[in-house]
Structure formats: structure tokens, C-alpha cells
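Participant: This is a predicted model, with the sequence first.
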Amino acid sequence: MHENYIVPLNGLGSEWKGFRWHVGKEFFSDFGNSEIRDCDVWVDAEAAKKGGRIDIDCRIDGSVVTVCDRCLGDLEVEIGTDLALTVRFGDEPESAPQEEDGREVVYVRTDNDSIEMDQVIYDYICLSIPLHKVHLEGGCDPEVLKFIKTESVEEGEKAPANNPFSALKGLLDKKL
């Protein structure tokens with residue numbers, strides 16, 4: 001999908017070889033992710049051959065602009081995460097471990113000469129974004145907040161008469 005996010009597997013030695021990629025808005029558009037409105041993330045990767053496997057370590061740092069869950073305005077979220085992969089060649093065994101020494105294990109065919117990192121990068125960036133995305137106190141759009149009711153009915157108080165569920169209150173208390 002993205003030619004820029006490739007680690008060549010042939011020719012790697014035991015010395016770490018570095019790669020640096022920039023991830024922008026178009027990266028998320030290609031995946032069909034409309035929640036990420038903008039992105040400025042750098043991925044620093046290193047790869048080295050370790051016996052019959054290849055280790056890839058990445059550091060992902062930057063920011064993404066997404067939607068605030070409260071006011072629906074733009075919200076910039078700083079992200080920073082590490083990922084560690086072990087690439088093994090051949091078919092994945094039935095009882096293959098998903099992790100090995102704290103590293104995620106992936107299997108590639110023996111005739112592969114490279115590994116595309118775009119899906120892995122996408123997944124780790126998305127997992128770095130908090131589930132509940134809201135501005136810090138006072139950061140939401142005040143015009144939108146005017147329309148959000150934050151009042152709650154205190155215990156013992158009657159619910160407003162225009163509540164459509166007030167007619168159902170006490171329904172279970174009635175005896176047939």
C-alpha cells in the first residue's frame with residue numbers, strides 16, 4: 001500500500017540499520033479512517049538480523065488531530081509509543097506464541113524480500129489514541145457547550161414533566 005514504509009529483509013546484517021518515516025494525513029485517508037483529521041508523526045525504526053529471525057524496533061512520536069467527544073471540535077492528541085517485532089520466516093506453527101521475549105512475533109513467507117510496516121504503524125498509532133477523547137477543562141468550544149445539559153435530577157426530586165419515560169415510572173410496582 002505505502003512504498004515508503006518498507007523494511008528490506010535481504011541484505012540485513014547483525015548491525016542495526018535505521019529507517020525514518022513521516023506519517024501524515026494522507027496515510028489515514030488511504031486506510032479510510034475519517035476520525036483522524038490530521039497527523040504529524042515520525043517513526044524511527046531499526047532492523048537487524050539475529051540468527052534465523054529479524055528484529056525490528058520502532059519509536060513512534062508526534063501528534064494526531066481527531067474529534068473531541070464532547071464538543072466535536074478538533075482535538076490534538078500527543079502520542080508516543082514503542083513497538084518491537086520479531087520477524088520469522090515460514091508458515092506460522094499451530095501453537096506459535098504471539099509474543100517472544102516481550103516482542104510481537106510475525107511470520108512471513110520464505111520468499112519475501114521485505115516487510116510492509118504500514119499496517120503495524122497504523123495499528124500502533126490508533127492504539128495510542130485514548131478511548132475517551134476530550135479537551136482539557138475549558139478547552140471545548142463554548143458555543144457548543146451552551147447546548148449540552150449537565151444538570152442531573154437529584155435523588156428525591158421529581159423528573160421534569162416532559163420526560164417521555166416518566167409515565168413508565170412505577171410500572172413494575174403495580175400489582176396485576
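Facilitator: Looks like it came in fine.

Participant: Contacts only, for the residue sitting nearest the centre point of the chain.
Facilitator: Central residue of the chain (C-alpha atoms, centre = their mean): C126, 1.2 Å from the mean position. With contacts taken as C-beta atoms under 8 Å, 6 or more residues apart in numbering, C126 has the following neighbours: N33. Every C-beta, even on glycine, is put in place using the N, C-alpha and C of the backbone.

Participant: three-state assignment of it?
Facilitator: helix (DSSP: H, G, I helix; E, B strand; the rest coil).

Participant: so where do the strands sit in the protein?
Facilitator: If DSSP state E is used as the criterion, the strands of the chain fall at 6-8, 17-24, 38-50, 53-67, 74-89, 99-100, 103-108, 114-116.

Participant: And the ones you listed: which comes nearest N163?
Facilitator: strand 53-67 (29.4 Å; C-beta to C-beta).

Participant: Each with direction, which strands does the closest one pair with?
Facilitator: For strand 53-67, the paired strands and their directions (DSSP bridges) are strand 38-50 (antiparallel), strand 74-89 (antiparallel).

Participant: Fine by me, thanks again.
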